[in-house]
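>>> sequence isn't available, so here's the structure alone:
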């Protein structure tokens, strides 16, 4: 088969594609819900058939924020593992078990939301209560993803056992770091779902400790952002250089950046809880400081990428301060889409610094500014990079070609997405500065003057959301073409090489015991004492609000 010429068997490609099929179905469903949200918020549209706004909002957040991202990332990372260090038959079987567990959990949670029994939003904050099937479904998604973690960990262990004193392939190293981050982070949300939410929703507990549940959620919630972002970084560091005809700038720098993300992206959840009582301000300050440590690997990445762009351009003979920009393949969607996402990360990262700053957070907390920031980071930087990956990954997995026509459609899709997101996210940021709340449907707030000033920005959000949905339809069409109808052929699986005269990568960067140990130590330092204090000094638990109707 064509795919086997690339070093990937049919069994390996089917595994990755199974995850990616689910991801693109989620993109279509979640995108439609997002469009409906923006229309409702404009005050010009009413949902039919008694559908509730918060029902739609929950579908949008869960399906796009959790299902689309997790399934695409795992599918992409399986392809990287198969391409670099291989996946044994045993690990592949384990991976399929994980896929079906995740799929069953996704269907359970989705049906529960669609039936109106889990309108608890993406964060499912207590004391809002959903049907038990929602929480059980979420638990299955997490447990299923752990099968992917263990398969990747085991495969790296086997590779290192058989290749002693050899440096592991960079992309395989990155995949293991990201799955370590995911596994450690999901221990928090799994704990609150299994120990608190499921017994509470089944009626075995009358109340729930809200501060404990939120602390455990945000222990998971912020590293989740880096779980989304690191696969984009994998493409930037090790795939984009190949596409533009360059080399990896520094293998050592890339590994160091990923190690720093592992260490500093988890013990930072309190910066999402800066306005909550019950947490000692000192510990909030400490976690804000740790949050700012994550800026370092982001800046290392920015330096590495633009250094690689300039070095590659100058090797091709382009002179002048910015002459190297001309060599970049702007008409190649495999580069163009991730590059736009990369540029979007400049304002997105700046917004993240604002959100994590104690004083500035007080201005924007719980406003739609935060939603605008979220859409710049995940729905622009991450998703556009995922789209850029799809243009070569899907044909490489299906034995088809990225044709000139599909490439042109991809360029148009990227432009449409960028225009729509600029309008929608920009208006969210501005409205947030004026105090517009997030998580709220259209409201005139009793005819107040301040609320009336926000309506124009909500119209802009609806316009931007409508343009984005056109981009979603076009991307789904492109996906179908690439997966089923593009001409048969061999598409490049672009993995860049190091510069031939690069300095050797230090062995300590692959000292897994050291980095995992330091990560655990930081987590224990940041959470042990404040968590004990939270349990000791918690107020009485809250009764539920939500499903079933009798508990409202």
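Structure received. Just so we're clear, the structure is a prediction, and the values are computed from it rather than from any experiment.

>>> which strand or helix spans residue 158?
Counting by DSSP states H and E, the element that carries residue 158 is helix 132-162.

>>> from the contact counts, what lies against the helix or strand just after that helix?
Following the chain from helix 132-162 toward its C-terminal end, the next helix or strand by DSSP H and E is helix 170-191. Contact partners of helix 170-191 among helices and strands, from 3 or more Cβ pairs under 8 Å, 6 or more residues apart in numbering; DSSP states H and E: helix 69-84, helix 132-162, helix 210-238, helix 251-264, helix 512-536. For glycine as for every other residue, the C-beta is placed from the backbone atoms N, C-alpha and C.

>>> so which of those helices gets nearest residue 397?
Closest to residue 397 of the helices and strands packed on helix 170-191 is helix 69-84 (Cβ to Cβ; 6.6 Å).

>>> give me the angle between that closest one and helix 210-238.
With axes from the mean of the first three to the mean of the last three Cα atoms, to 10 degrees applied, the angle from helix 69-84 to helix 210-238 works out at 40 degrees.

>>> in the helix or strand that helix 69-84 is followed by, which residues are buried?
Next along the chain after helix 69-84, taking DSSP H and E as the criterion, comes helix 89-114. Judged by neighbour count using 16 or more other Cβ atoms under 10 Å, the buried positions of helix 89-114 are 91-92, 94-95, 98-99, 101-103, 105-106, 108-110, 112-113.

>>> average model confidence for the helix or strand that comes right after helix 89-114?
With elements assigned by DSSP H and E, the helix or strand that comes after helix 89-114 is strand 128-129. Mean pLDDT, strand 128-129: 92.

>>> state the mean pLDDT of stretch 308-325.
Stretch 308-325 comes out at a mean pLDDT of 87.

>>> ok so, going back, deepest-packed of the helices and strands packed on helix 170-191, please.
Mean neighbours per residue, mean count of other Cβ atoms under 10 Å, is largest over those for helix 69-84, with a mean of 25.

>>> centroid-nearest residue for the chain?
Closest residue to the average C-alpha location of the chain: residue 228 at 2.5 Å, with Cα atoms, centre = their mean.

>>> for the closest residue to residue 520 other than its chain neighbours, grab the count of nearby residues.
Distance criterion Cβ to Cβ, 6 or more residues apart in numbering; nearest residue to residue 520, sequence neighbours excluded, is residue 184 at 7.9 Å. Other residues near residue 184 come to 20 when the count uses other Cβ atoms under 10 Å.

>>> hang on, residue 184 packs against residue 266?
Yes. At 6.0 Å, residue 184 counts as touching residue 266 under the criterion of Cβ atoms under 8 Å.

>>> what about residue 513, distance to residue 261?
When distance is defined by Cβ to Cβ, to the nearest Å, residue 513 is 18 Å away from residue 261.

>>> which parts of the stretch 451-552 of the chain are strands?
Counting by DSSP state E, counting those that start in this stretch, the stretch 451-552 of the chain has strands at residues 545-546.

>>> which intervals of it have sub-threshold pLDDT?
546-552 (pLDDT under 70).

>>> 90 instead?
For the stretch 451-552 of the chain, applying pLDDT under 90 flags the ranges 451-454, 490-492, 498-504, 536-552.

>>> and for the stretch 301-450 of the chain?
Residue ranges of the stretch 301-450 of the chain with pLDDT under 90: 313-327, 355-362, 366, 438-450.

>>> mutual contacts of residue 184 and residue 266, please.
Shared contacts of residue 184 and residue 266, defined by Cβ atoms under 8 Å, 6 or more residues apart in numbering, are found at 223, 519, 523.

>>> can you put those residues in a markdown table and add distance to residue 508?
A markdown table is the format used below for those (distance: Cβ to Cβ, whole Å):
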| residue | distance to residue 508 |
| --- | --- |
| 223 | 23 |
| 519 | 15 |
| 523 | 21 |
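
>>> and of these, the nearest to residue 426?
Residue 426 has its nearest neighbour among the shared contacts of residue 184 and residue 266 in residue 223, at 27.5 Å by Cβ to Cβ.

>>> next up, the contacts around the residue lying closest to the closest one once chain neighbours are set aside.
Leaving aside its chain neighbours, residue 223 sits nearest to residue 185 (3.9 Å; criterion: Cβ to Cβ, 6+ apart). Counting by Cβ under 8 Å, 6+ apart, residue 185 makes contact with 219-220, 223-224, 227, 266.

>>> farthest pair in those residues?
219 and 227 (13.1 Å).

>>> what's the burial count for residue 328?
Residue 328, neighbours per other Cβ under 10 Å, totals 18.

>>> and residue 426, how many neighbours does it have?
With other Cβ under 10 Å as criterion, residue 426 counts 18.

>>> SS state for it?
helix (DSSP: H, G, I helix; E, B strand; the rest coil).

>>> and the residue nearest to it when sequence neighbours are not counted, which helix or strand is it part of?
Spatial nearest neighbour of residue 426, chain neighbours left out: residue 372 (7.3 Å); criterion: Cβ to Cβ, 6+ apart. Using DSSP H and E, the element containing residue 372 is helix 368-376.

>>> starting at the chain centroid, how far to the next helix-or-strand element following that helix?
Next along the chain after helix 368-376, taking DSSP H and E as the criterion, comes helix 383-398. Put simply, helix 383-398 sits 16 Å off its chain's centre (Cα atoms, centre = their mean, to the nearest Å).
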